[in-house]
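Visitor: Return a 3D structure for these sequence lines:
(chains A and B)
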Amino acid sequence: MSAQLSAKEWQKISEYLDGQLAQREREHLEQQLKVRPELRAGLDDLRQTRALLRRAPRRRLPHNFTLSPQMLPKRRPLPFLVPLFSASSALATILAVVLVVMHLLPGTASQSTAAKPETMTLAQAPQTERAAEAGSTVTPTPMIILWNYVPAPEGQGGYGGGDAAKGNFPSGVAPEAPLSDHQLGVGGQPSPTEEMKALAEPQAATPQAKIASQPTQPAESEKPGLEAGQPPAAEKETAALNANGPILGLPSVSEEGKMTVPTEAVNQQSAIRKTTFPSFTWLVWPMRLVVFALLMGLAAILLWRRNR
Amino acid sequence: MDEQGLIMAAQQGDLNAFNHLVLEYQELAFNVAYRILLEDDSAQDATQNAFLSAYRNLANYRGGSFRAWLLRMVINNCYDELRRRKRRPTIPLEPVDDESDEEIESPQWLADDNPSPEKEMEQAQLNQAIQHCLEGLPEEFRIVVAMVDIQGLDYLEVSRAIGKPLGTIKSRLARARLKLRDCLRGFWELLPLEFRLEDKG
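Guide: Numbering: from 1, shown residues only, chains lettered A, B, ... in the order given. The predicted model follows:
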């Protein structure tokens, strides 16, 4: 009869036997027990089984299970590596914090930013020296040719801008002293008109000026005329210079006609990017220290747990 | 000193305090282990190892029923022993009658150490029947029955001790009881008279 019960009904009976059913479930089961004899038989079976199990004799203890100090495993002393690793971890953490704090403190931050104008002046120093030399000698400067020259808007410094009628340089032609303070927008140097006058004078220049003028030929069509007026020794130099690539703006034969990007412009753009986006290179060492501290700490914990 | 005081002292390393707890629970621990492992020697080993584990891990005890926490150690050690048996199965030694060369069905040493009067004989028969039926149960059913029906623990303690939800305990217990009922019916005639009378009633 009891075989007709489902597994769920057996579980309900079992829970009812132990008083584990909620009141509503218990009342429902008790009503079922009144009308279903197979349910009552199943309950009796389980009750008797439980009674048998509860009367199972208790096993006598063969002996006491109390612990003695000899039974406990002796703790091995911690190896010297544990304090070493712990100290290394702590030291590395402190160093990392100190580095970060030093960088973030307002005083140290101003020092780092103040270094930028210094580097700029250092970079400008050779240029100003050369400009001073150019201003003091007042020798006629030879012309140089700038390939792919794009005239800047007027009044923005650099090599000037505008057309030749305003007294500026013609497109693609500029004096060799472009690094003077005047041309960098500083002023206080000979005006463009003076330089134009100097340019208009015949080529009674110094030997340096001659050498500088040789590779500054504006175009291929002008090459024969210029080369004809040069001495044989200078011809060799010109040939060597032409073979080696672009010097003073003159590209090699293989590079003629190709589009080139001025490296100065690229450098300027990268400098602008550097100033626009903050750099996190200062975090490299603190991060290395943090990783080192974590590894040391982990090793110390593992060793300690192993020897516990 | 109450139980919590003994536990706190034992956590500080007081071995005597811990041994007081051992004396309190050793009978329960050993009997649970015995009903799960169904072997005296294995149950002794499991119980002793459970108390050692408990002492070493006292720092991890975070309150609640200490009995359930301790029984968890016992059950874990029993599981270890059961796994070891599965890896290296052994043939149990059965006592053999010297004259007939047949196995003795009801060995006295299984029931008790002392020669028994009639009452003890009945208890031994009941114990043998229960042991036999428990042996036929799956381990997870056997553990629940041993704790709830034989040792009288409540569902919640068993749930904490074996780390299973309450519903699982209820389900396993019902199925275990059903299997035991079927098994014990085969021993009905061997059981003491009082049990048979209970059945008729």
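Visitor: do the helix or strand hosting residue A:298 and chain B meet?
Guide: According to DSSP states H and E, residue A:298 maps onto helix A:284-306. No. On the criterion Cβ under 8 Å from any Cβ of the partner chain, helix A:284-306 is out of touch with chain B, staying 12.4 Å away. Backbone N, C-alpha and C define where each C-beta goes, glycine included.
Visitor: which non-adjacent residue is nearest residue B:163?
Guide: Take residue B:163 and drop its neighbours on the chain: the residue closest to it by Cβ to Cβ, 6 or more residues apart in numbering or on different chains is residue B:72, 7.0 Å away.
Visitor: buried ones in the helix or strand where the one you found lies?
Guide: Residue B:72 is part of helix B:66-87, with elements assigned from DSSP H and E. With burial defined by 16 or more other Cβ atoms under 10 Å in any protein chain shown, the residues of helix B:66-87 counted as buried are B:66-79, B:81-82.
Visitor: which bits of the stretch 1-150 of chain A sit near chain B?
Guide: Listed as neighbours of chain B in the stretch 1-150 of chain A under the rule Cβ under 8 Å from any Cβ: A:7, A:10-11, A:13-15, A:18, A:20, A:45-46, A:48-67, A:69, A:71-73.
Visitor: Could you identify the buried members of those residues?
Guide: By neighbour count, with 16+ other Cβ under 10 Å, those hold A:10-11, A:13-15, A:18, A:20, A:45-46, A:48-50, A:52-53, A:55-56, A:59, A:65-67 as buried.
Visitor: So which of those sit within helices?
Guide: A:10, A:11, A:13, A:14, A:15, A:45, A:46, A:48, A:49, A:50, A:52, A:53 (DSSP state H).
Visitor: Am I right that the second one is in contact with residue B:169?
Guide: No. No contact is recorded between residue A:11 and residue B:169 when judged using Cβ atoms under 8 Å, the distance being 10.9 Å.
Visitor: Centre of the chain to stretch B:143-160, how far?
Guide: 10 Å (Cα atoms, centre = their mean, to the nearest Å).
Visitor: now do the same end-to-end measure for that stretch.
Guide: With Cα to Cα, to the nearest Å as the measure, stretch B:143-160 spans 13 Å from end to end.
Visitor: Could you check it against chain A for contacts?
Guide: Yes. Using Cβ under 8 Å from any Cβ, stretch B:143-160 reaches chain A at B:145, B:148, B:149, B:150, B:152, B:155.
Visitor: count of neighbours near the residue nearest to the first one when sequence neighbours are not counted?
Guide: Of all residues not flanking residue B:145 in the chain, residue B:176 sits nearest, at 4.4 Å (Cβ to Cβ, 6+ apart). Residue B:176 is flanked by 26 other residues according to other Cβ atoms under 10 Å in any protein chain shown.
Visitor: so who does residue B:176 touch?
Guide: Contact analysis of residue B:176 by Cβ atoms under 8 Å, 6 or more residues apart in numbering or on different chains lists B:137, B:141, B:142, B:144, B:145.
Visitor: Quick check: it vs residue A:287, distance?
Guide: As judged by Cβ to Cβ, to the nearest Å, residue B:176 and residue A:287 stand 58 Å apart.
Visitor: what does residue A:65 give?
Guide: Using Cβ to Cβ, residue A:65 is found at 54 Å from residue A:287.
Visitor: Please apply the same query to residue B:150.
Guide: 61 Å.
Visitor: Among the two, which residue is more densely surrounded?
Guide: residue B:150 (21 against 13).
Visitor: Just read off the phi/psi values of that one.
Guide: When read as degrees, to the nearest 10, the backbone of residue B:150 gives phi -90, psi -40.
Visitor: Wait, it touches residue B:33, no?
Guide: No. The criterion here is Cβ under 8 Å, and residue B:150 misses it with residue B:33 at 11.8 Å.
Visitor: show me the contacts for the nearest residue to residue B:170 once chain neighbours are set aside.
Guide: Leaving aside its sequence neighbours, residue B:170 sits nearest to residue A:15 (Cβ to Cβ, 6+ apart; 5.7 Å). Taking Cβ under 8 Å, 6+ apart, we find residue A:15 in contact with A:21, B:170, B:174.
Visitor: Tell me the confidence at residue A:192?
Guide: Confidence at residue A:192, expressed as pLDDT, is 49.
Visitor: Okay, residue B:58 and residue A:82: tell me how far apart.
Guide: Counting by Cβ to Cβ, the gap from residue B:58 to residue A:82 is 23 Å.
Visitor: same deal with residue A:21?
Guide: Counting by Cβ to Cβ - residue A:21 and residue A:82 are separated by 56 Å.
Visitor: Check residue B:43 too.
Guide: Residue B:43 is 39 Å from residue A:82, where distance means Cβ to Cβ.
Visitor: Settle it for me: which of those two has more neighbours?
Guide: Neighbour count, other Cβ under 10 Å: between residue B:43 and residue A:82, residue B:43 has more, with 25 against 18.
Visitor: What helices and strands are in contact with the helix or strand hosting residue A:92?
Guide: Assigned by DSSP H and E, residue A:92 falls within helix A:81-104. Helix A:81-104 sits against helix A:106-137, helix A:284-306, with contacts defined as 3 or more Cβ pairs under 8 Å, 6 or more residues apart in numbering or on different chains; DSSP states H and E.
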